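Novice: Everything below, folded, please.
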Amino acid sequence: MLHQIRITLNKLLFHCRSQIISERSKFNLDLYSQNEKTLKPLYLNIGCGKFFHPLWHGLDYDNDYYKPDSLDFNIDLNEIRELPIESNSLEIIYCSHVIEHLTDATLEVLFSEIYRILKKGGLCRVICPNADLYYRAYQLNDSSFWKYPNAYGIKYSSIHMAFVDFFASVLTPEHPFTKCEKATQKQITDKFSTLSQNAFFDYFKQMIPDNAEYSGKFPADHINWFTSKKLIELISRFGFTSVYQSGFLQSASGKMRNFLLFDNTVPEYSLYLESVK
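Specialist: So this is what the prediction gives:
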């Protein structure tokens, strides 16, 4: 009887130990000096969605279109003036596929705040669609590139509209907002053949409506575009000591080199950048 109890207890202990090892491995907990989540954030995921890590804080916006699982900070980035986080307090900020949904004016506030709340030597990792890749795919008429539907489940038959959707979603005829001028195939091909890459993107970007009827009402829309050069120039203005292009799972921090948690949103289309305060 005692022998059987010992066997059962050993099995339970082995199972518990395996679970602990699995959790530590899944979240790379050996890379952290903390054993539990701090009240004040040290690691922040901006635009966290369904992301979970026991030591990280998440910031996102709960709205009619998008329902994150759990949030430490429920904030509409379009309305921010100052994040409710102490200056010089964060070690790492991760921000994946967020900035393409924000206006230039909002990004000015966001990156200023990111710089403010990071500690000296703190690291920010930003990921977004790579405009150079989209431009090249359109230039090469690469229909295989456009393999995913957009945020509304629309799979475009035309690569022209798929191309515009990636940086100016509202301009496609399929978009539900109708009170604005829509891009046409002829307009897209004409401007592509006559304008430089940056001028082409900006031509259609300036067509995106900037009024109360549209702004903030479609949070899934893409309303901006970035190449590595453009993004490096933008972030460098805020005082970071180093801003550099990174790559898929190539963060300078081992805490962000775990594909189960980081860099797992359409990596084949993405641009990776890091900045150090």
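Novice: which residues of the stretch 51-200 of the chain fall in helices?
Specialist: 104-117, 131-139, 159-165, 185-194, 197-205 (DSSP state H, counting those that start in this stretch).
Novice: how about TSV for those helices, with mean pLDDT, mean neighbour count and distance to Arg237 added?
Specialist: Using the backbone N, CA and C atoms, a C-beta is placed for each residue, glycine as well. Below are those laid out as TSV (pLDDT from 0 to 100; neighbours: other CB atoms under 10 Å; distance: least, CB to CB, whole Å):
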stretch	mean pLDDT	mean neighbour count	distance to Arg237
helix 104-117	97	18	8
helix 131-139	98	18	19
helix 159-165	97	23	28
helix 185-194	98	13	28
helix 197-205	98	17	17
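Novice: Make JSON lines from those and add distance to Leu171 to it.
Specialist: Formatted as JSON lines, the helices of the stretch 51-200 of the chain follow (distance: least, CB to CB, whole Å):
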{"stretch": "helix 104-117", "distance to Leu171": "17"}
{"stretch": "helix 131-139", "distance to Leu171": "15"}
{"stretch": "helix 159-165", "distance to Leu171": "5"}
{"stretch": "helix 185-194", "distance to Leu171": "9"}
{"stretch": "helix 197-205", "distance to Leu171": "6"}
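Novice: Between its first and last residues, how far does stretch 35-47 reach?
Specialist: 24 Å (CA to CA, to the nearest Å).
Novice: ditto for stretch 69-89
Specialist: 25 Å.
Novice: what residues are up against Cys128?
Specialist: Cys128 is in contact with His97, Val98, Ile99, Glu100, Phe226, Leu231, Ser270, Leu271, counting by CB atoms under 8 Å, 6 or more residues apart in numbering.
Novice: if you set the cut-off to 6 Å instead, what comes out?
Specialist: Contact analysis of Cys128 by CB atoms under 6 Å, 6 or more residues apart in numbering lists Ile99, Glu100, Phe226, Leu271.
Novice: same deal with Ser246?
Specialist: Per CB under 6 Å, 6+ apart, neighbours of Ser246: Tyr272, Glu274.
Novice: Relative to His160, how far out is it?
Specialist: For Ser246, the distance to His160 (CB to CB, to the nearest Å) stands at 31 Å.
Novice: again, but for Asn74
Specialist: Taking CB to CB, one finds Asn74 at 37 Å from His160.
Novice: Do a quick rundown of the strands in the stretch 51-200 of the chain.
Specialist: For the stretch 51-200 of the chain, strands defined by DSSP state E, counting those that start in this stretch occupy the ranges 57-60, 73-74, 90-96, 118-129.
Novice: Take these and lay them out in TSV including distance to Phe51.
Specialist: Output for those, formatted as TSV (distance: least, CB to CB, whole Å):
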stretch	distance to Phe51
strand 57-60	6
strand 73-74	13
strand 90-96	8
strand 118-129	13
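Novice: Extract the residue ranges of the stretch 1-150 of the chain that are flagged as low pLDDT.
Specialist: 1-22, 65-66 (pLDDT under 70).
Novice: before we move on, the earlier item: can you tell which of the helices of the stretch 51-200 of the chain is closest to Glu174?
Specialist: helix 159-165 (7.0 Å; CB to CB).
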